[in-house]
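In: for reference, the sequence and a predicted model appear below.
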Amino acid sequence: MSFSNLGLSEKVLAAVAATGYTNPTPIQEQAIPHVLARKDVLGIAQTGTGKTAAFVLPMLTILEKGRARARMPRTLILEPTRELAAQVKENFDRYGAGQKLNVALLIGGVSFGDQDAKLMRGVDVLIATPGRLLDHTERGGLLLTGVELLVIDEADRMLDMGFIPDIERICKLVPFTRQTLFFTATMPPEIRRITEAFLHNPQKVEVSKPATTAVTVTQSQVPAGREAHEKRELLRRLLREAKDLKNAIIFCNRKREVAIVHKSLQKHGFSVGALHGDMDQPARMAALDQFRKGELPLLVASDVAARGLDIPEVSHVFNFDVPHHPDDYVHRIGRTGRAGRTGTAISIVTPLDQKSMAAIEKLIGQNIPRAEGEFEVHSESAEPGERSREPRGRERSRGGRAKSRRGHEQRGDSRHASDARPAAEARPAREPKPSREPKPAREARHAAEPRHGSRQQANTSHVPSIGRPEPRRPQREADSEPGDHSHLPAFLLRPVRSPAGA
Ligand code: AMP
């Protein structure tokens, strides 16, 4: 099947050819003819399947005829997050380059005045998050009675985020006779109810089972102690040791944790951005942009901020926290291994996460192998400069947490004792403590700021790969017997360099 058999206009076919796509993806092949036939569509598809173009391309074809009127958009696309909305706009810009369409974005964090002026000029495609859209309708600056086509994208995510009442309100503001395209990755009962209420005789298009993970993603779980500082230490080790790591998204369950992990990684010299719901829009876009361009190879993110983002070629996904909802695991690791590429997903698993991991394994129908012992947590200086002073010949155990705990006690490291004082107190160097945790707003500023400061450069000097843009140096130069590193963790076998000025 080629694009030319789907009924798309010449202009749209030319735009598709210009992007280099040769064949439609299954969701495009199935959905596009229905959209062009002006039928309602229920698309069950995850991001990464090409579902955005499945509605953007036929919409562009439909919109070639007709003109927009002031304050009355012709089509409306609802997205759960600002980033997704911006991403859909990019699709219109790309495929609609040959058309003179007015495409407007109504998202939070951007001035009302500019958005209002755009609405006044007449809009062919309005892409909006539900809250901001309703703000505009309530102010009287926007009429939805001219909407001929409504797209509800990522509906299950809307449900997770509590947007369903808003969606119901919006559906009542657009004409009953509109065409509706509805996309969701899963079909929980509440979503089924909505589809029954707002779709008319929809054509159902399903491209992959919800909750399957790509076979190209190598998954593993690494046991960790339950203390946050142990997890951060392990994360650093995993980042330094990861094979073929080009870039990575590190997922945390809470915004607060995103801020802490981001700050901690920065302190340790990693080039890292952050993405979470409390950041203002320019900071979120800047972080995402820097990550996309490879200027920041690491991104610490929450689920809400990262859901559905199209970031091609992410080599690694780390679950700093195991997600509470198994569905989120599938979405997170779906950030890597996209479009048939290979990827790696590593989850840091504490004893408290066993139940969540079992639920994930049940959902995806496979066991996630454990990388036992290889990445045990050991005492590491909190500040990069102290790394070189660390004793290198100490006995390291291989047997996971129990032995690791003994190792710490032998070294007089009190962190693992039940009444242990926080790591930051046990060591003079500074690990971010909850009491000094950065405010999300501050994090947002950090995420937006280019990291060219001298402190940053000094800090990055010891980091083998992701702290600096140049390619990784070969790993394990000191390993005289490649492959036989079972008696020692790999990081011990590498020469340690002191950062400049340490
Ligand atoms: P989506 O599911 O919409 O997030 O799309 C995932 C990725 O697939 C995006 O990077 C698109 O640019 C890309 N894509 C969309 N359609 C095609 C196609 N027909 N062939 C190859 N890649 C595509």
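Out: Ah, there it is. Residues are numbered from 1 along each chain as shown.

In: what is the burial count for whatever residue of the stretch 351-500 of the chain ends up closest to the ligand?
Out: At 19.5 Å from the ligand, residue 364 is the closest residue in the stretch 351-500 of the chain, using Cβ to the nearest ligand atom. (Each C-beta comes from the backbone N, C-alpha and C, glycine too.) Residues lying near residue 364 (other Cβ atoms under 10 Å) number 17.

In: pretty sure it sits against residue 329.
Out: Yes. Contact criterion Cβ atoms under 8 Å: residue 364 and residue 329 qualify, at 7.4 Å.

In: what about residue 174, how many neighbours?
Out: Quick note: residue 174 (other Cβ under 10 Å) scores 20 neighbours.

In: please name the nearest non-neighbouring residue to it.
Out: residue 147 (4.3 Å; Cβ to Cβ, 6 or more residues apart in numbering).

In: quick one: contacts for the one you found?
Out: 73, 74, 75, 76, 174, 175, 178 (Cβ atoms under 8 Å, 6 or more residues apart in numbering).

In: okay, it and residue 254: tell me how far apart.
Out: Note on residue 147: its distance to residue 254, by Cβ to Cβ, to the nearest Å, is 37 Å.

In: do the same with residue 352
Out: For residue 352, the distance to residue 254 equals 14 Å [Cβ to Cβ].

In: so the two - more neighbours on which side?
Out: The neighbour count for residue 352 versus residue 254, taken as other Cβ under 10 Å, is higher for residue 254 (12 against 9).

In: from one end of stretch 34-42 to the other, what's the distance?
Out: 10 Å (Cα to Cα, to the nearest Å).

In: can you map out the helices along the stretch 251-400 of the chain?
Out: With DSSP state H, counting those that start in this stretch, the ranges of helices along the stretch 251-400 of the chain come out as 255-267, 281-293, 303-306, 326-333, 354-364, 400-410.

In: any chance of those helices in CSV, with mean pLDDT too?
Out: As requested, the helices of the stretch 251-400 of the chain are exported to CSV (pLDDT from 0 to 100):
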stretch, mean pLDDT
helix 255-267, 95
helix 281-293, 85
helix 303-306, 70
helix 326-333, 84
helix 354-364, 90
helix 400-410, 33
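
In: for these, please prepare TSV with the additional fields distance to residue 61.
Out: Listed next are the helices of the stretch 251-400 of the chain as TSV, based on distance: least, Cβ to Cβ, whole Å:
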stretch	distance to residue 61
helix 255-267	40
helix 281-293	28
helix 303-306	31
helix 326-333	30
helix 354-364	37
helix 400-410	58
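
In: for the ones you listed, which one sits closest to residue 4?
Out: The closest of the helices of the stretch 251-400 of the chain to residue 4 is helix 281-293. By Cβ to Cβ, the value is 30.7 Å.

In: for the closest one, packing partners?
Out: Helices and strands touching helix 281-293, by 3 or more Cβ pairs under 8 Å, 6 or more residues apart in numbering; DSSP states H and E, are helix 82-95, strand 272-275, strand 298-302, helix 440-448.

In: which of those sits closest to residue 201?
Out: helix 82-95 (25.6 Å).

In: got the angle for the closest one vs helix 281-293?
Out: Orientation check (axes from the mean of the first three to the mean of the last three Cα atoms, to 10 degrees): helix 82-95 against helix 281-293 gives 60 degrees.

In: buried ones in helix 82-95, by neighbour count?
Out: By 16 or more other Cβ atoms under 10 Å, the buried positions in helix 82-95 come out as 82, 83, 84, 85, 86, 87, 88, 89, 91, 92, 95.

In: same deal with stretch 363-372?
Out: By 16+ other Cβ under 10 Å, the buried positions in stretch 363-372 come out as 363, 364, 368.

In: over to stretch 111-128?
Out: Neighbour-count burial for stretch 111-128 flags 115, 118, 119, 122, 123, 124, 125, 126, 127, 128 (criterion: 16+ other Cβ under 10 Å).

In: wait, which of these is closest to the ligand?
Out: Among the buried residues of stretch 111-128, residue 127 lies closest to the ligand (Cβ to the nearest ligand atom), at 13.6 Å.

In: so the closest one sits in a strand?
Out: Yes. With DSSP: H, G, I helix; E, B strand; the rest coil as the criterion, residue 127 is assigned to a strand.

In: what's across from it in the sheet?
Out: residue 77, residue 105 (DSSP bridges).

In: can you pull the contacts of it?
Out: 77, 79, 85, 88, 89, 92, 103, 104, 105, 106.

In: one more: residue 57?
Out: Residue 57 neighbours (Cβ under 8 Å, 6+ apart): 6, 8, 12, 16, 28, 32, 95.

In: residue 332 now?
Out: Contacts of residue 332 (Cβ under 8 Å, 6+ apart): 249, 251, 303, 306, 317, 319, 323, 345.

In: swap in residue 200?
Out: Counted by Cβ under 8 Å, 6+ apart, residue 200 has contacts 40, 180.

In: for it, which three-state class applies?
Out: coil.

In: from memory residue 291 sits against residue 273, does it?
Out: Yes. Shown here, residue 291 and residue 273 form a contact pair, counting by Cβ under 8 Å, at 5.6 Å.

In: the more surrounded of the two?
Out: Between residue 291 and residue 273, counting by other Cβ under 10 Å, residue 273 is the more crowded of the two (30 against 26).

In: next, show the common contact partners of residue 291 and residue 273.
Out: In contact with both residue 291 and residue 273: 298, 299, using Cβ under 8 Å, 6+ apart.

In: ranges for the strands of the stretch 1-150 of the chain?
Out: Here the stretch 1-150 of the chain has its strands, by DSSP state E, counting those that start in this stretch, at 41-44, 75-78, 103-106, 125-128, 149-152.

In: can I get these in CSV with distance to the ligand?
Out: As requested, the strands of the stretch 1-150 of the chain are exported to CSV (distance: least, Cβ to the nearest ligand atom, whole Å):
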stretch, distance to the ligand
strand 41-44, 11
strand 75-78, 12
strand 103-106, 16
strand 125-128, 14
strand 149-152, 12
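
In: among these, which comes closest to residue 204?
Out: When those are compared by Cβ to Cβ, strand 41-44 sits nearest residue 204, at 4.8 Å.

In: neighbouring contacts of that closest one?
Out: Residues contacting strand 41-44 (Cβ under 8 Å, 6+ apart): 27, 31, 34-35, 51, 54, 180-187, 195, 199, 202-207, 210.
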